[in-house]
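Colleague: missing the sequence, but the structure's below:
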C-alpha cells in the first residue's frame, strides 16, 4: 500500500510566475485535503475534495489559488502570480470516509520558495 | 470554533528520559476526535493516534502513551525512555462534527544523546 505522494518536493520560482503542484492520494481514499504550513506553525486547511467535488475552501485560498481533482483521483493545486507570502510547505492528505474526523494520511509536502 | 493549544514550543531531554507533551483543546462539539502527528525533519506528518471524545481510556503503544482527560480538555502525550529518533515536531489536532481539522502550533522535541 503506497502512501500519499506529492510532486515536486521542492519548487523555487520568481515572484509573478505560476506554479502547479500535484498530489496522488492513497488509492482507495475518497477525500483529499490541501494544507499550507509556514515555519513554526501547524498545517492550515486550504481546501478539500470528496471524490471529484470540491466541498470547502478556506478564506486563506485567495483567487490566485485553484485546485482540481478530476475523476476523483489525483489533485493539482495551482498558484497564479506567486507572491513572496506564498512561500510555505504545501501538504496534501487523504482519508477514507465522510467527515474530517477520519484519519488523514499526509504526503511529504511541496516546499515552495518565491524569490 | 475549535482551538488547540500546545504551550510548549521546544523541549530538550537527554536520551532515555521520559517526556510529556501537553495539548489543551477547546470545542463546542459533544463528539469530536483528537489526533497526534509526528513531523520529523524530512517534513512528512506521520499519524500516531486518533481518539474519540467518548473514549477516555488511556492508551499505550510501545514507548508511547496518551492521557485523555475530558474534565481538563487535555490530551497529553508521553514518550518513555526517549530516543534520538524521537526528535521531531509533534502536533496535536482536533476535529469535531463536520468541522475541518485544527492543528496546534506544535512542540519541537530534541532528544540529546
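Modeller: Nice, I can see it. Computed from a predicted model, the values in this text were never measured in an experiment.
Colleague: Need the phi and psi values for residue 52.
Modeller: Picked chain A for this. phi -90, psi -10 (degrees, to the nearest 10).
Colleague: isn't it right next to residue A:70, touching?
Modeller: Yes: the pair residue A:52 and residue A:70 passes the contact test of C-beta atoms under 8 Å, sitting 6.4 Å apart. Bear in mind the C-beta positions are built from the backbone N, C-alpha and C, glycine included.
Colleague: So between these two, which is more surrounded?
Modeller: The neighbour comparison of residue A:52 against residue A:70 (other C-beta atoms under 10 Å in any protein chain shown) goes to residue A:52, with 14 against 9.
Colleague: who's in contact with the more buried one?
Modeller: Residue A:52 makes contact with A:69-72 under the criterion C-beta atoms under 8 Å, 6 or more residues apart in numbering or on different chains.
Colleague: filter those residues to the buried ones?
Modeller: Buried members of these, scored by 16 or more other C-beta atoms under 10 Å in any protein chain shown, are A:69, A:72.
Colleague: Can you lay out the contacts of residue A:52 as TSV showing pLDDT and distance to chain B?
Modeller: Listed next are those as TSV, based on pLDDT from 0 to 100; distance: C-beta to the nearest C-beta, whole Å:
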residue	pLDDT	distance to chain B
A:69	96	17
A:70	91	23
A:71	87	24
A:72	86	20
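Colleague: Quickly note the distance from residue B:102 to residue A:77.
Modeller: 21 Å (C-beta to C-beta, to the nearest Å).
Colleague: Look through chain A and state the residue closest to chain B.
Modeller: Across chain A, no residue is closer to chain B than residue A:42, which sits at 3.1 Å (C-beta to the nearest C-beta).
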